[in-house]
Structure formats: structure tokens, C-alpha cells
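S.K.: here is a sequence with its predicted model. Questions after.
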Amino acid sequence: MKSKIQLQLIIIIMFGFIACSKHNNDNGNENPEPEVPATGTPVETNPPNSNYKSAFSGQTRINGVTTATAYRGTVISSGLTAPWGITSLHDGRLLITEKGGTMRIATTTGTLGSAITGIPAVNSSGQGGLLGLCIDPQFASNRMVYWVFSENVTGGTQTSVAKGRLSNDEKTIENAAVIYRANPSANSTAHYGGRILFDAAGNLLVSTGERSNTNTRPFAQSVSAAIGKILRITTSGAPAPGNPTFSGAGALPELYSIGHRNPQGLAIHPVTGDLWQSEHGPRGGDEINRVQPGANYGWPTITYGIEYGGQPVGSGIQQQTGMEQPVYYWDPVISPSGMTFYKGNRIPEWQNNLFIGALSGMHIARLVIVNNKVTGEERLLAGENQRFRDITQGLDEALYAITDGGRLYRIDRQ
């Protein structure tokens, strides 16, 4: 009798296991996995700079994907001078920064307005200048613009944040004021970071670089320094409410994440609301990170890159407890800059994909992301031989990209 009962229990458990297994693989379950696209060979074919091993499968050199929808990248203007940041205005036109210190308005057909004056002086040497920008969510009524720039200060230069009102005649920025300066300053014209955007709570997220010098590099790990960080501040430049708390003497309340090298891209996922970031590595080790408040992204303690001279960075390690792994990295580098998530319907297969301007890579990288992992990569406009500096989605659902060479592209279905 006992054996018979045991046999019945075993049969019940087996059927239950089969049923559960079938349910978990059923396309009709409550939380179905998004379909992973068919993939080809990786788009990167050059040898890496190092023999470092990735932390998990798919962290680098993911298989390639190809857009099936016919699309076209069209140069609609070649009249910009070293553009750096681009965003949409409330009426669909585009507001663009130029590295030398001016802003321009462009229509979606490529007509450029004259240079907008009233902007504080920038140091445009090296990687500096007038950098990223965004407009106030209430721009239609208050006409406020926010931007990042490299500012001359005592001790060298620093990444600074300013704001001002675009005049009604669109010729000048009125009452421009610096609202935040990322200390310490540095005798450097490199690694400013420089992107800025609004979060859902109406606060500003700002990326700052660690200024490149070997003596400033360690500040990326210092909670008392604002360089090599993602910052979260109010529109008046104060630390935003609800910021994470970092342990350590003199920890700055404006810090959102630490351990960054030169983060030149920020974007918020249209579905999850998560902050994503692109970051320049040295030789290899360019990163895409999903930024969590209070997290440490490792630079310069861990990296998948090496020094430009070929030697390891620091101890030459790629993983350490308490430091986050990049979602994705490149070796060799593509130099990822400005980026945006696609949330339009004109090319449905691009929905929620991440598009990143590549400088040295001279293309626009398209990353397919499923459950916070990259599942496919494509290179767009690789034949244009342009350093793509920033990209945004227009109100018309087309993508608009700017290049260091002064071009403005419209990318849309044919």
C-alpha cells in the first residue's frame, strides 16, 4: 500500500513538473519574453586590443542584426560648425549646440537659423566647448534651455551647467546663469562628459568626465569629487531630492553614480524609465551601462580597456565586488557619444532599440536590448565616413544625427 501511494505521488509530481515546464515556455503566459531577433555574425571583425574575457555571454561582439524595413539616411544640412548636442523643440524644430559656443535652430528640412547669442564663454580647446543641451519640459510656456559647457576657472577648466531663456525672437539666450560647477577643476581640455537631460521627476541628470589626467583619474572613485560621475540636480543646481547616499567623508549629495571615465551619452528607456549611459574607454573598453542610483561603475579600478601605450590600466582587472559590469562593451573602441532610444512606429522593428553616435567608429550603432541585455547590433550609415556626435528622435518620429564635420542627417523609412 505504501509503495502504491509513493508511486502515485511520483506520477503527480512528474505531471506537475511537465505542466509547469510547458507553461513557462508557452507564448501565452502572463509575462512572455520578447522575441529575440534572428542574428548573423558580429559586426566587429577587427582583433581586440586585449585578451580579457567578458563577464557573461553577449557582453561584447554580439551577433549582428539587419533592419528589414527600407530606410534612408539623408544629409539635410552641411552648414553646421562642429555640432555637439541636438534636441527637439516643442514645435518639432531642432535646437543644436556648436562646439565653439553658439546654438542654432534647424528645421526638419535642414534650414539653419543664425547663431544664438548670450551664451557664456566656453573653452573650446581639445574636447571642450558648448556641449550637451536639453529644454525644459514646460518649454512652450517658459522657454528655458539647459546646457553643459567647459568653463575657464581658477586652476584650469571644469564641466559646468548653465540655463537661460530663449528669447521670443530666437536670437539670444536671456539671463544666462551658471547653476552648477563640477569640482575640482583640472589643467586639462579632455574628458568633460557633457550630456544633460531631464528625468521623470523634473530634475537634471548630468554626465561629467574624470578629465583624463593621471592625477585626476582617481577622482572618478572619490565621493567628494564631482568628476567622473553622473549627477542629479534641480533646475537651480541644488542636489535633487531622493538622491542616493554614498558613504565616505565629504560625500556630495548631488552624486547619482560614480566610477565613470568620459560619459558622453545619456538616454532614458521609454518603457522601463531606466537611465542608460555610453562611456569612452581607453584602448578598448567603451561601455554601455544601465545606471542604477548609488552604483559604482568601476573606472579606473576595473576596465576592459588598456592604456594607449599598451600596458594594463592599474592592476589590469575587469571585475571586482561592489563594482558594476557594463551591459555591453566594445574592443576595439567605437567612441560612443550621444544616444537615444527609438520610440516611434515608422520603423516598428526599431521599437525601444538604442541608437548611439560613434565617433572613431564612424557609424551609428543600433543595439537591440531585451530584458536589459544586448541581443543584436547593427551599424548604420557606416559608408558616410562621418564622426557621429549625437542623435535624437524628432517629434515626427524620424531620427536626426549630427556629425563633427557639420552635417545634419535625417534617418527615416523610405
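M.R.: In hand now; what should we look at?
S.K.: so where's this protein uncertain?
M.R.: 1-39 (pLDDT under 70).
S.K.: please, where are all the helices along the stretch 51-200 of the chain?
M.R.: For the stretch 51-200 of the chain, the helices defined by DSSP state H, counting those that start in this stretch occupy 139-142.
S.K.: which stretches of it form strands?
M.R.: Remark: strands of the stretch 51-200 of the chain, listed N- to C-terminal, are 71-77, 83-88, 94-98, 102-106, 130-135, 144-153, 156-166, 173-181, 196-198; assignment by DSSP state E, counting those that start in this stretch.
S.K.: need the nearest residue in space to Thr107, chain neighbours excluded.
M.R.: On the basis of CB to CB, 6 or more residues apart in numbering, the spatially nearest residue to Thr107 that is not a chain neighbour turns out to be Arg93, at 5.5 Å. Heads up, the C-betas are built off the backbone N, CA and C, glycines and all.
S.K.: can you add distance to Val313 and give the strands of the stretch 51-200 of the chain back as a markdown table?
M.R.: Written out in a markdown table, the entries for the strands of the stretch 51-200 of the chain read as follows (distance: least, CB to CB, whole Å):
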| stretch | distance to Val313 |
| --- | --- |
| strand 71-77 | 36 |
| strand 83-88 | 27 |
| strand 94-98 | 31 |
| strand 102-106 | 37 |
| strand 130-135 | 25 |
| strand 144-153 | 25 |
| strand 156-166 | 22 |
| strand 173-181 | 28 |
| strand 196-198 | 28 |
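S.K.: and Gly338, which of the three is it?
M.R.: strand (DSSP: H, G, I helix; E, B strand; the rest coil).
S.K.: what's the neighbour count on it?
M.R.: Neighbouring residues of Gly338 were enumerated by other CB atoms under 10 Å; the total is 28.
S.K.: from Phe219, how far out is it?
M.R.: Gly338 sits 24 Å away from Phe219, going by CB to CB, to the nearest Å.
S.K.: who are the contact partners of the residue nearest to Thr107?
M.R.: Contact partners of Arg93, counting by CB atoms under 8 Å, 6 or more residues apart in numbering, are 105-108.
S.K.: buried ones among the residues you listed?
M.R.: A residue is treated as buried here by neighbour count (16 or more other CB atoms under 10 Å); on that basis the buried members of the contacts of Arg93 are 105-106, 108.
S.K.: wait, which of those is closest to Lys99?
M.R.: Looking at the buried ones among the contacts of Arg93 and their distance to Lys99, the nearest is Ala106, at 15.9 Å (CB to CB).
S.K.: hang on, the earlier thing: among the strands of the stretch 51-200 of the chain, which comes closest to Val43?
M.R.: strand 71-77 (16.8 Å).
S.K.: which parts of that closest one are buried?
M.R.: Of the residues in strand 71-77, those scored as buried under the neighbour-count criterion (16+ other CB under 10 Å) are 71, 73, 76-77.
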